[in-house]
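**Q** Provided below are the primary sequence and the corresponding predicted coordinates.
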Amino acid sequence: MNSHIKNPYFNRHKNRLFISESGDWGGAITVYSIDSSLKLQTHFNNQRSNDSLPIFFVSNDTNLYFHANYGVRVNGKDYNYIAEINFDSLKDLRFDTLVVKVFRDRNKNNQYDTGEVSTYSYVNDMITNELYVSDQKGFITIYQLQGETVKVKFKEEALKDTCYKTPYSGGISSNKLGANKTRDTIYMPLWKTKLDANLKLNAYGNYWARLDTNKNINFEIFNNGCGNISDSVTLKVELEPNSIYVNSIPTYTSKNGNTLEYRLKAKPFSPTRVMVFIRCASANFNVNQDIMHTASITTNVNEDVSDNFDTIRQKCSNSYDPNAKRSTPEGIITKDLRRVLYHIDFQNEGNDDAWKVTIVDTLNLKMPVYEFQMKGASHPYIVTHNGKVITWTFNNINLKPKSKDEEGSKGYLVFEAKVNGELRVGDSIRNRASIYFDYNSPIETNYAVIKREEEESVNPIQDQVRGLLIYPNPNTGKFRIQNLEDKDHSYKLYNSLGAQVLSIQLNSKEEIYVDLGSYAKGIYFIVNDENQTYKLIKL
């Protein structure tokens, strides 16, 4: 059989494998099938001598059809070039031919104009409820069977990362069925739905910044627009004051103190990444001290700039719970919130490599999964969600045991979830994760807890002229600080001996949570960039 069938085409239908061969000029095209007992059956020869092209099979749940460019002649009878194959016979069909031409309608006038080229890549990703054949010129030929209305649409995955969508939906039909078939051409426009450039900045890093250790923080630029940005995109990174820059990938374009600038290009749907290594020396930072790095991107291309800024907030540490979950914000809050940033740390504390790590997180009912968004992770991962359950799988992670490689035994992930509805006074959000190393029993993390309390129960420091809000005061070392003005400000925190213990950078209208848990009780002073002083009391 292998020496007889040339250039075969296959289709499996009702437990049979159907095969057609391509013929030579003047030769026949033969259709065979093989049943479950491996018996070869010849169904018919196409006796049309002017057709050297093969028969293409198309099937649905009940029927098998063929398509041949010049039709089929069997035993002297001519059939249409689209017909049904029965097991031992052919069935002529009543149909009409509809041709759909897909094009990018640049001026959105619903007309095919000169220069609006066909788009084969889309045609190949169309689906219909009918028989169809597509070509590389942007045409899709549909054979509408009698009694059917054709519905044409794009596959969902075909358009999810593109800039064009069709403005229409619905069905098309024809009443010209049978021998006197028409060949109607229908133009399907695709309209541009995005800007040429739409940049988004995503910044993330480990929750903990271990003192005296080189650690990386990450920045990703996404261009969700329609075209390449040939002009440079400028990424500006402002590291926490007193932190030490080590190196970065790629190397910065310019550096001024702890401010780094990078000139980059942004391709559509392909992230541009920058990794910066820093070190926080124990001489400059204290355990549990909060630090923050900020980043922004700019370009001379017109685009939406609302998501061109991001921050990374970390807490200084010497050691920490290796399998834990934490949130930003955390603890007590006095205002409603809409989004929560979660950090999950994991570490292999066994005595051999962990080949696979699985993390399962059941989100609080106040957080719908449809708003779940990844920020980043230490290793490549696969994420799936089912209802409110999110699962991350780190395959082939080869996480070293802690006894052999302290840093190589650790990993983390960062994600954001939206709070569904209002978080009322007295409400709390409790959330934890289960971590599986290979096929061992899960390790349960701590609960990350956020609770809202009465704002009236705190005693804020507030000066509307100076534009600063701090509450509660006095406090036990945990308080919130808010910049009420429409411009950025920097603040420094000093103890009663005049030594600086903290540096805070607040953007316009920004509010952050501060924890002074490791510092002594007493009086502290917060000084803004205009040398105005505020007194803070830690009980």
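**A** That came through, no problem. Being a predicted model, the structure only gives us computed values, none of them experimental.

**Q** how close does the residue of the chain most remote from its centre sit to Asp290?
**A** Distance from the C-alpha centroid of the chain, by Cα atoms, centre = their mean, peaks at Gly76 (58.3 Å). Distance, Gly76 to Asp290, by Cβ to Cβ, to the nearest Å: 88 Å. Any C-beta I mention is one placed from the backbone N, CA and C, and that applies to glycine too.

**Q** mean confidence for stretch 358-369?
**A** Regarding stretch 358-369, the rounded mean pLDDT is 78.

**Q** restrict stretch 277-292 to CA atoms and write it as CSV.
**A** C-alpha atoms of stretch 277-292 as CSV (Å, rounded to 0.1, in the frame of the first residue of the first chain):
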residue,chain,number,x,y,z
PHE,A,277,21.1,43.4,42.1
ILE,A,278,21.3,45.4,45.4
ARG,A,279,22.6,44.9,48.9
CYS,A,280,21.3,46.4,52.1
ALA,A,281,24.1,46.7,54.6
SER,A,282,23.3,46.1,58.3
ALA,A,283,25.2,49.3,59.1
ASN,A,284,22.5,51.3,57.3
PHE,A,285,19.3,49.3,57.9
ASN,A,286,17.6,47.5,60.8
VAL,A,287,15.8,44.2,61.0
ASN,A,288,12.0,44.7,60.0
GLN,A,289,12.7,48.1,58.5
ASP,A,290,10.5,48.8,55.5
ILE,A,291,12.3,49.8,52.3
MET,A,292,10.9,50.9,48.9
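
**Q** all helices for the stretch 151-300 of the chain, in order.
**A** 156-159 (DSSP state H, counting those that start in this stretch).

**Q** right, I mislabeled it, should have said the chain
**A** Under the criterion DSSP state H, the chain contains helices at 120-123, 156-159.

**Q** okay, Ser248: pLDDT?
**A** Looking at Ser248, the pLDDT reads 96.

**Q** begin at 32 from here
**A** With the count now opening at 32, the last piece we talked about shows up as Ser279.

**Q** how many other residues sit next to it?
**A** Look at Ser279: counted by other Cβ atoms under 10 Å, it has 19 neighbours.

**Q** what's across from the nearest residue to it once chain neighbours are set aside in the sheet?
**A** Excluding its sequence neighbours, the residue lying closest to Ser279 (Cβ to Cβ, 6 or more residues apart in numbering) is Val307, at 4.4 Å. Under the criterion DSSP bridges, Val307 forms beta bridges with Ile248, Ser279.

**Q** and Val307, what does it touch?
**A** Listed by Cβ atoms under 8 Å, 6 or more residues apart in numbering, the contact set of Val307 reads Asn247, Ile248, Asn249, Phe250, Val268, Leu270, Tyr276, Ser279, Leu291.

**Q** let me see the contact set for Glu516.
**A** Neighbours of Glu516 in contact, by Cβ under 8 Å, 6+ apart: Gly498, Ser539, Lys540.

**Q** about what we covered before: show the pLDDT at the residue farthest from the centre of the chain.
**A** 78.

**Q** go on, Tyr276?
**A** Per the predicted model, pLDDT is 96 at Tyr276.

**Q** pull out the buried positions in stretch 561-570.
**A** Going by neighbour count (16 or more other Cβ atoms under 10 Å), the buried part of stretch 561-570 is Tyr565, Leu567, Lys569.

**Q** let me see the contact set for the residue lying closest to Tyr467 once chain neighbours are set aside.
**A** In space, and not counting its chain neighbours, Tyr467 is closest to Thr389: 4.2 Å by Cβ to Cβ, 6+ apart. By Cβ under 8 Å, 6+ apart, the residues touching Thr389 are Thr422, Trp423, Thr424, Phe425, Ile466, Tyr467.

**Q** any idea how far Thr389 is from Glu438?
**A** 22 Å.

**Q** and the furthest pair within the contacts of Val307?
**A** Farthest-apart pair in those is Asn249 and Tyr276; separation 14.9 Å (Cβ to Cβ).

**Q** could I get the CA-only coordinates of stretch 355-372 as CSV?
**A** Provided in CSV are the C-alpha atoms of stretch 355-372 (Å, rounded to 0.1, in the frame of the first residue of the first chain):
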residue,chain,number,x,y,z
ALA,A,355,5.1,31.8,54.8
LYS,A,356,2.5,34.1,53.3
ARG,A,357,2.4,37.9,53.8
SER,A,358,0.3,40.7,52.4
THR,A,359,0.6,44.4,51.5
PRO,A,360,-1.2,46.0,53.3
GLU,A,361,-1.2,43.9,56.5
GLY,A,362,-2.6,44.0,59.9
ILE,A,363,-4.9,46.8,60.9
ILE,A,364,-6.3,49.2,58.3
THR,A,365,-8.8,52.0,58.8
LYS,A,366,-9.9,52.5,55.2
ASP,A,367,-11.5,50.4,52.6
LEU,A,368,-9.2,48.8,50.1
ARG,A,369,-9.6,47.4,46.6
ARG,A,370,-6.4,45.4,45.9
VAL,A,371,-4.1,43.3,48.1
LEU,A,372,-0.5,42.2,47.1
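
**Q** mean confidence score for it?
**A** Stretch 355-372 comes out at a mean pLDDT of 82.

**Q** stretch 526-539 now?
**A** pLDDT averaged over stretch 526-539 gives 81.

**Q** which other residues reach it?
**A** 269, 271-273, 317, 320-321, 323, 325, 340, 342, 512-514, 516-525, 543, 545, 547, 550-551, 553-556.

**Q** again, only using 6 Å
**A** 272, 514, 517-525, 553-555 (Cβ atoms under 6 Å, 6 or more residues apart in numbering).

**Q** reformat these as CSV; add neighbour count.
**A** Formatted as CSV, the contacts of stretch 526-539 follow (neighbours: other Cβ atoms under 10 Å):
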residue, neighbour count
Pro272, 16
Asn514, 23
Asp517, 8
Lys518, 10
Asp519, 14
His520, 19
Ser521, 13
Tyr522, 19
Lys523, 15
Leu524, 21
Tyr525, 17
Gly553, 12
Ile554, 12
Tyr555, 20
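
**Q** let's have those in a markdown table, adding distance to Ile363.
**A** Output for the contacts of stretch 526-539, formatted as a markdown table (distance: Cβ to Cβ, whole Å):
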| residue | distance to Ile363 |
| --- | --- |
| Pro272 | 27 |
| Asn514 | 20 |
| Asp517 | 27 |
| Lys518 | 28 |
| Asp519 | 26 |
| His520 | 24 |
| Ser521 | 25 |
| Tyr522 | 21 |
| Lys523 | 25 |
| Leu524 | 20 |
| Tyr525 | 25 |
| Gly553 | 22 |
| Ile554 | 22 |
| Tyr555 | 19 |
